[in-house]
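> No letters, just coordinates:
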């Protein structure tokens, strides 16, 4: 499982553009930049939709003031779902990048995958937020299952 | 199995959003003794699924009911949270269409309907098809070629009933 001080693993994520889905390498996002990545179990799920994502919409400007170049939300959904969720929640308008980990390769490389068949979740991402400076994980807030406290925008903003 | 007229639709446990949260649905029970349409597609919020396939069944739901169809079920390899949001945003739920998630892709795999397009983030998803099932037995099978949405629409199925 990923920990503070580790190099962020590389993986291909997918973002939706005007021309359709497009692959984006994690390494390219992280090299020479300071970014915040937060991961969550799924688009349109109650806690992600009502608490986690809005917390970063609220704090977006605060991160910019602290020198964060980009805030990225990652979920094991496809790019179509992430595009709609970003639009519907206001996250895209707020400037948060919505990236799909469609095959869960990034989430698995972090060692943060979990499954709950009863709710239709397979290889989803545990809830976390991390600050990555030039490809190295400097701050990692990993939630216990079912919680959404230390990985919120406010908690991360305090920690960096 | 591939889908063929005259064959029994495989049993499957699917997932839907109930009043208290996600619930498991035993598909065989839903099909038993009833005339049901099942249509499947690559994914919620994808282009043709949102703009063509689902709307075709919203438009024809009433006419299909008049032909004796008791339920129209849309199946996708998505989770119930995504399907609930999609059912509401497309108007499918309001039109009475049931959205069921084959979240682990096991039904889609059993039907040999799965495809994967990693560059789109679609893994183990369903090709497009529409079936009429009478007491769980396939009486009409309209299976589209990958990438197409022609013969599996509500209108195409309605014309055959």
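Sure, I can see it. The structure displayed is predicted, hence computed values, not measured ones.
> from here on, contacts and neighbour counts on C-alpha atoms
Noted.
> Over to whichever residue of chain B sits closest to chain A: give its phi and psi.
Across chain B, the shortest distance to chain A (Cα to the nearest Cα) belongs to residue B:121, at 4.0 Å. Backbone geometry at residue B:121, expressed as degrees, to the nearest 10, gives phi 80, psi 20.
> Quick one: residues contacting the closest residue to it other than its chain neighbours.
Distances taken as Cα to Cα, 6 or more residues apart in numbering or on different chains put residue A:102 closest to residue B:121, at 4.0 Å, once the chain neighbours are dropped. Residues near residue A:102 by Cα atoms under 8 Å, 6 or more residues apart in numbering or on different chains: A:13-14, A:75-79, B:118, B:120-123.
> before we move on, back to that, show the contacting residues for the residue of chain B closest to chain A.
A:14, A:77-79, A:100-103.
> Residue B:8 too?
Residues near residue B:8 by Cα under 8 Å, 6+ apart: B:136-138.
> Skipping its backbone neighbours, what lies nearest residue 12 in space?
Because you didn't say which chain, this covers chain A. residue A:25 (4.6 Å).
> my question was about chain B
residue B:27 (5.5 Å).
> so of the contacts of residue B:8, which ones are in helices?
Judged by DSSP state H, these include no members of helices.
> Using neighbour counts, trim the residues you listed to the buried set.
B:136-138 (16 or more other Cα atoms under 10 Å in any protein chain shown).
> Residue B:79: how many residues sit nearby?
Residue B:79: 29 surrounding residues under other Cα atoms under 10 Å in any protein chain shown.
> In terms of pLDDT, where does it sit?
At residue B:79, the model reports a pLDDT of 97.
> correct me, but it touches residue B:105?
No. Counting by Cα atoms under 8 Å, residue B:79 sits too far from residue B:105 to count as a contact (10.4 Å).
> circling back: which SS class is the residue nearest to residue B:121?
coil (DSSP: H, G, I helix; E, B strand; the rest coil).
> Which residues of chain B lie near chain A?
Neighbours of chain A within chain B, by Cα under 8 Å from any Cα of the partner chain: B:15, B:22-24, B:44-46, B:78-82, B:85, B:101-104, B:118-123.
> how about 7 Å then?
B:15, B:22, B:24, B:44-46, B:79-82, B:85, B:103-104, B:119-123 (Cα under 7 Å from any Cα of the partner chain).
> pLDDT value on the closest residue to chain B within chain A, please?
Chain B sits closest to residue A:102 of chain A, with a gap of 4.0 Å, by Cα to the nearest Cα. pLDDT for residue A:102: 94.
> before we move on, what about the one 4 residues further on?
We note a pLDDT of 98 for residue A:106 in this prediction.
> Quick check: it is in a helix.
Yes. Counting by three-state DSSP, residue A:106 is part of a helix.
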